[in-house]
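*Asks:* Sequence and computational prediction follow.
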Amino acid sequence: MSRPSIKEYLSSNPNAVLVLDGGQGTELENRGIKVANPVWSTIPFVNESFWSDPASSDRQIVKEMYEDFLASGAQALMTVTYQASFKSVSENTVIKTPDAYVELLSRIVAFSRECIGDEKWLVGCIGPWGAHNCSEFTGEYGPEPAKIDYLGYFELQLSAFNNNENLDMIAFETIPNFHELKAILSWDESLISKPFCIGLSVHSHGKLRDGTSLREIGEYIKSLGPKLNPNFTLLGVNCVSFDHSHNMLKELHEVLPDLPLIAYPNSGEIYDTVQKVWTSKKSHEVTWDYLVKEYIDNGARIIGGCCRTTPADIKTISDSVCKHSK
Ligand SMILES: C[S+](C)CC[C@H](N)C(=O)O
Ligand SMILES: N[C@@H](CCS)C(=O)O
Ligand SMILES: [Zn+2]
């Protein structure tokens, strides 16, 4: 393998800041793939022609998307598996069995690795429990969120990613509910056996979508002490309001000053979960350059973009990372 472990790289290069790619799902949508369906951005891969037809246009589109993110300066790139839980896939596609599902994930990871080459880090993306019913921007997980079987929901995707050497890190993304976060943080090395990060889904007013304060989350993580899985590598925010994201990072950094952070906000648009479209009201009171500096000043070690951010945004981020990191 020609690349170092991402966790070791971050710890032995304490001033390095890595650039992550942008919102793959919405970027695929920009390029003509219809992602408004129950498995969202994973849709191109569930069609057998993606694998059997070398001239498949979807195959070309995914390849070109990765090429453009790489050309923009991304050093860590994500698999397009946000809504690829076994539940979402088996209930909504022709892929029904655990074996066929694990084979699908293995094909996606191998294809993504082929697209990005051996030098870059590949991050296995896992969306939250709430992705399957579109509650990732509300955190409303029903009357008994503590009783949801989170492990049962994530287990197959997680073990497939743990066992895949093409993946350098696992990212739990857009986590909106404190019970879900606590469940993930309770899993030891036998359940998450490679470096992992967690992106929180935070309201623009600065609380987790379910109302928990970031301070309480930070205090909870501190209270876990040595019980924390040593593979837990970064905490941060993703798919949050562009204009408010730096305040969230600041609050996390204040309570967890030694923990590497990750930040990748969305474009500032709002997702309509019924129509599955983004409102076009993009609000940018600040610039990427301002945000990148604020993120770095507040402990960010990986910076990128989430939904509706494009290769052009990643190029801007990459330039600002060069300018502001030491
Ligand atoms: C806009 S993405 C982050 C989420 C997609 C949503 N779970 C849906 O199914 O429409
Ligand atoms: N990283 C995901 C979206 C998370 S909200 C994707 O773009 O597919
Ligand atoms: Zn997003």
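*Replies:* Received, thanks. Numbering: from 1, shown residues only. Ligands and ions are numbered 1, 2, ... in the order given.

*Asks:* and the lowest-mean-pLDDT helix or strand in the chain, which strands flank it?
*Replies:* When each helix and strand of the chain is scored by mean pLDDT, DSSP states H and E, strand 277-278 comes last, with a mean of 91. Its sheet considered, strand 277-278 pairs with strand 271-272 (antiparallel) by DSSP bridges.

*Asks:* Quick check: which element contains the residue of the stretch 51-200 of the chain found nearest ligand 3?
*Replies:* Proximity of the stretch 51-200 of the chain to ligand 3 (Cβ to the ion) peaks at T174, 6.1 Å away. Using the backbone N, CA and C atoms, a C-beta is placed for each residue, glycine as well. Element membership for T174 (DSSP states H and E) is strand 169-175.

*Asks:* is that strand anywhere near ligand 2?
*Replies:* Yes - counting by Cβ under 6 Å from any ligand atom, ligand 2 has neighbours in strand 169-175: 173-174.

*Asks:* Then stretch 78-90?
*Replies:* Yes - for a cut-off given as Cβ under 6 Å from any ligand atom, stretch 78-90 has contacts with ligand 2, namely 78, 80, 82.

*Asks:* now those as TSV including distance to V123 and pLDDT?
*Replies:* Formatted as TSV, the residues of stretch 78-90 next to ligand 2 follow (distance: Cβ to Cβ, whole Å; pLDDT from 0 to 100):
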residue	distance to V123	pLDDT
M78	5	98
V80	11	98
Y82	11	98
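
*Asks:* out of these, who's nearest D168?
*Replies:* The closest of the residues of stretch 78-90 next to ligand 2 to D168 turns out to be M78 (Cβ to Cβ; 10.9 Å).

*Asks:* Just name the closest of the residues of stretch 78-90 next to ligand 2 to T42, please.
*Replies:* For the residues of stretch 78-90 next to ligand 2, the nearest to T42 is V80 (6.2 Å; Cβ to Cβ).

*Asks:* Was I right to think the closest one contacts S112?
*Replies:* Yes - between V80 and S112 there is a contact under Cβ atoms under 8 Å: 7.4 Å.

*Asks:* what does the lengthiest helix in the chain contact?
*Replies:* As assigned by DSSP state H, the longest helix anywhere in the chain is helix 98-116. By Cβ atoms under 8 Å, 6 or more residues apart in numbering, the list of residues contacting helix 98-116 from outside reads 42, 45-46, 51, 59, 62-63, 66-67, 70, 77, 79-81, 84, 86, 89-90, 95, 122, 124, 156-157, 160-161, 164, 166-167.

*Asks:* wait, what's in contact with the most centrally placed residue in the chain?
*Replies:* What sits nearest the mean C-alpha location of the chain, by Cα atoms, centre = their mean, is E173, with 4.1 Å. Taking Cβ under 8 Å, 6+ apart as the criterion, E173 is in contact with 82, 125-128, 199, 238-239, 306.

*Asks:* ok, now which ones touch S85?
*Replies:* By Cβ under 8 Å, 6+ apart, the neighbours of S85 are 126-127, 131-132, 153-154, 156-157.

*Asks:* Give me the distance between stretch 125-135 and the centre of its chain.
*Replies:* 11 Å (Cα atoms, centre = their mean, to the nearest Å).

*Asks:* quick one: average confidence on the helix or strand following the least confident helix or strand of the chain?
*Replies:* Per DSSP H and E, strand 277-278 leads on to helix 288-297 as the next helix or strand towards the C-terminus. Computed over helix 288-297, the mean pLDDT rounds to 98.
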